[in-house]
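Undergrad: predicted model follows, preceded by the sequence.
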Amino acid sequence: TQTVSQSDAHVTVFEGDSVELRCNYSYGGSIYLSWYIQHHGHGLQFLLKYYSGNPVVQGVNGFEAEFSKSDSSFHLRKASVHWSDSAVYFCAVSAGYNQGKLIFGQGTKLSIKP
Amino acid sequence: GPKVLQIPSHQIIDMGQMVTLNCDPVSNHLYFYWYKQILGQQMEFLVNFYNGKVMEKSKLFKDQFSVERPDGSYFTLKIQPTALEDSAVYFCASSLQNQDTQYFGPGTRLLVL
């Protein structure tokens, strides 16, 4: 069974600051890891995904995430946030053997102060 | 990115009635999914569908739920009869292949009274 944990329910930073949103997972086998963004009242937008290869994955709008097998983590980072990055961010995992079922974390709400 | 459409955007119905949620997936995608999100909570997997068959379903996918995609038209989620706890936002997603990136629709907000 796969589980996903996003330890921070809410993160607040100033515009222009860097930010890291944390995601930890538990699963012993091959795994796909993704990040999605959900603006208020909208559906999920895909940011990035990792399965193998370079553990640092580049996504849209300057986001990147780094996979760490030793830490069972897939943290999302951005060097300089913009007010439009205010949203809820969901980390998701999918076990390699299954038919693409995504297991989502609880979400982290990112608020940007001007 | 690729667009998934969902119709209607909102639906209010009385408990016990039937409701059909429609999803227009990305045109060449082969795998289809429904997820449920109760207000303020995380997204939860309901079911996935490929080649006319349900591949996997969660315990949230009750006997009152069914999915189909007749002749390549809308991918539908039908709930019959509805219950109060079915009130949620239902998101459809599609992917080209198994384990490919899933693209989500904007959701259908279902309120059961």
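TA: Great, that's in hand.

Undergrad: neighbouring strands for the strand or helix carrying A:Leu110, and are they parallel or not?
TA: Per DSSP states H and E: A:Leu110 is located in strand A:108-113. Taking DSSP bridges as the criterion, strand A:108-113 pairs within the sheet with strand A:10-14 (parallel), strand A:87-95 (antiparallel).

Undergrad: residues in contact with that strand?
TA: Under the criterion CB atoms under 8 Å, 6 or more residues apart in numbering or on different chains, residues A:6, A:8-15, A:19, A:21-22, A:81-83, A:85-89 lie in contact with strand A:108-113. Backbone N, C-alpha and C define where each C-beta goes, glycine included.

Undergrad: kindly recompute the last result at 6 Å.
TA: With contact meaning CB atoms under 6 Å, 6 or more residues apart in numbering or on different chains, strand A:108-113 is reached by A:6, A:8, A:10-12, A:14-15, A:21, A:81, A:83, A:85-86, A:88-89.

Undergrad: buried subset of those residues?
TA: Neighbour-count burial (16 or more other CB atoms under 10 Å in any protein chain shown) applied to the contacts of strand A:108-113 gives A:Gln6, A:Val11, A:Leu21, A:Val81, A:Asp85, A:Ser86, A:Val88, A:Tyr89.

Undergrad: what helix or strand is the closest residue to the third one other than its chain neighbours located in?
TA: By the measure of CB to CB, 6 or more residues apart in numbering or on different chains, the closest residue to A:Leu21 outside its immediate chain neighbours is A:Leu76, 4.4 Å from it. Take DSSP H and E as the rule and A:Leu76 turns out to sit in strand A:73-78.

Undergrad: count the neighbours of the residue nearest to A:Leu21 for me.
TA: The tally of other residues near A:Leu76 (other CB atoms under 10 Å in any protein chain shown) stands at 24.

Undergrad: circling back: with mean pLDDT and distance to B:Thr20 added, can I get the strands paired with strand A:108-113 in CSV?
TA: Below are these laid out as CSV (pLDDT from 0 to 100; distance: least, CB to CB, whole Å):
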stretch, mean pLDDT, distance to B:Thr20
strand A:10-14, 97, 36
strand A:87-95, 93, 27
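
Undergrad: just want the most central residue of chain B.
TA: B:Trp34 (3.4 Å; CA atoms, centre = their mean).

Undergrad: and that residue, what are its bridge partners?
TA: Assigned bridge partners for B:Trp34, using DSSP bridges, are B:Val47, B:Cys92.

Undergrad: okay, now the unreliable bits of the chain?
TA: No chain specified, so I'll use chain A. For chain A, the stretches with pLDDT under 70 are A:97-99.

Undergrad: right idea, wrong chain: chain B
TA: Those would be none, if you go by pLDDT under 70 across chain B.
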